[in-house]
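Engineer: I'll drop the sequence and a predicted model, then ask my questions.
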Amino acid sequence: MLSVQEAAKQRHALNRDIAKSHREKAAATLRDLREQLHVARTRRNAALATAKCHCRAERLALREKANTRRQRALAELRDTYAKERAEARDVCLLRKAQVHTEARDPIERAKGKWEAERKYQGDLRRIEQGNRERHRAVHRTHAAERQSESDDAVRSNIPADYQALWERVKRSIKGSTRESRTEAFLRYAEQNPGEILEALGDDSDRIVRELEEQRAKAERALRPPASSRRPRSTPEELAAVPF
């Protein structure tokens, strides 16, 4: 039959083994949670980077499309300008040829050619003025289109996955003469990729938060209980210790 002291020792050893087993299980759980948390954070960061890159690509593609449309309009204006100058030059040459044929007096021919050249220069100034006005009109139209882009126009320009985020922030997105509302929205989305993931229903952030909470609980479970911690010695107790 065991004595009281031996029974107490066996009970203490059993409790120590149980506590050790619990600590080992808690440590294994903590390692597993840390690994899961690392994987979840990696996946979330990858999703954020992908969303950011996608927004930037969409914004640059939209800007390139707008610039292409503007350059096409300017190229058409340049062709029109060159055609009008050529027509004016042909008219001037025709006038000079008629003067040379009809006028017998050299003075009259010189005067007629000078008059034809004066009209030609006037036509050139008129053509150049009209060309400048048309260029300004193209730039004003382009800027006005950017600034006054409607909600429906933005909705048709952005990917379907971004519709939910657009509906949430569209009142705060304003266009300017240099940036359309679509570009402003995509820039906002590029700077706030977390909101895109939230709008897409991506649960990466939620998983990371849950794993962080579980890790904190596991770390607290590994800490020794307050009763087992050695109390700090007071100055009086330290002074009483013989050295």
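Structural biologist: Yep, it's here.
Engineer: any idea how far stretch 213-222 is from the chain center?
Structural biologist: 37 Å (CA atoms, centre = their mean, to the nearest Å).
Engineer: who touches the closest residue to residue 81 other than its chain neighbours in this structure?
Structural biologist: Leaving aside its chain neighbours, residue 81 sits nearest to residue 131 (4.5 Å; criterion: CB to CB, 6 or more residues apart in numbering). (Glycine included, C-beta is placed from N, CA and C.) Residues in contact with residue 131, defined by CB atoms under 8 Å, 6 or more residues apart in numbering, are 77, 80-81, 84.
Engineer: Distance of residue 164 relative to residue 220?
Structural biologist: Separation of residue 164 from residue 220 (CB to CB, to the nearest Å): 38 Å.
Engineer: Isn't residue 174 up against residue 180?
Structural biologist: No. Counting by CB atoms under 8 Å, residue 174 does not reach residue 180; the two are 10.3 Å apart.
Engineer: So which of these two has more stuff around it?
Structural biologist: When neighbours are counted by other CB atoms under 10 Å, residue 174 and residue 180 differ, and residue 180 comes out ahead with 26 against 9.
Engineer: Provide the secondary structure category for the residue most central in space within the chain.
Structural biologist: Nearest residue to the geometric centre of the chain (CA atoms, centre = their mean): residue 190, 2.0 Å. Following DSSP: H, G, I helix; E, B strand; the rest coil, residue 190 is assigned to helix.
Engineer: Identify the spatial nearest neighbour of residue 49, chain neighbours not counted.
Structural biologist: residue 193 (7.7 Å).
Engineer: which among the contacts of residue 131 end up buried?
Structural biologist: 77, 81, 84 (16 or more other CB atoms under 10 Å).
Engineer: Let's see which of those residues end up in helices.
Structural biologist: Judged by DSSP state H, helices contain the following of the buried ones among the contacts of residue 131: 77, 81, 84.
Engineer: what's the closest of those to residue 185?
Structural biologist: Minimum distance to residue 185 across these is 30.7 Å, recorded for residue 77 (CB to CB).
Engineer: Where does the closest residue to the closest one other than its chain neighbours sit: helix, strand or coil?
Structural biologist: Closest residue to residue 77 apart from its sequence neighbours, by CB to CB, 6+ apart: residue 134 at 5.2 Å. When classified by three-state DSSP, residue 134 comes out as helix.
Engineer: Residue 134 - how many residues pack around it?
Structural biologist: Residues near residue 134, counting by other CB under 10 Å: 16.
Engineer: That one and residue 140, how far apart?
Structural biologist: 11 Å.
Engineer: do the same with residue 220
Structural biologist: Applying CB to CB to residue 220 and residue 140 gives a distance of 65 Å.
Engineer: again with residue 77
Structural biologist: 13 Å.
Engineer: okay, and the common contacts of those two?
Structural biologist: Counting by CB under 8 Å, 6+ apart, nothing touches both residue 77 and residue 140.
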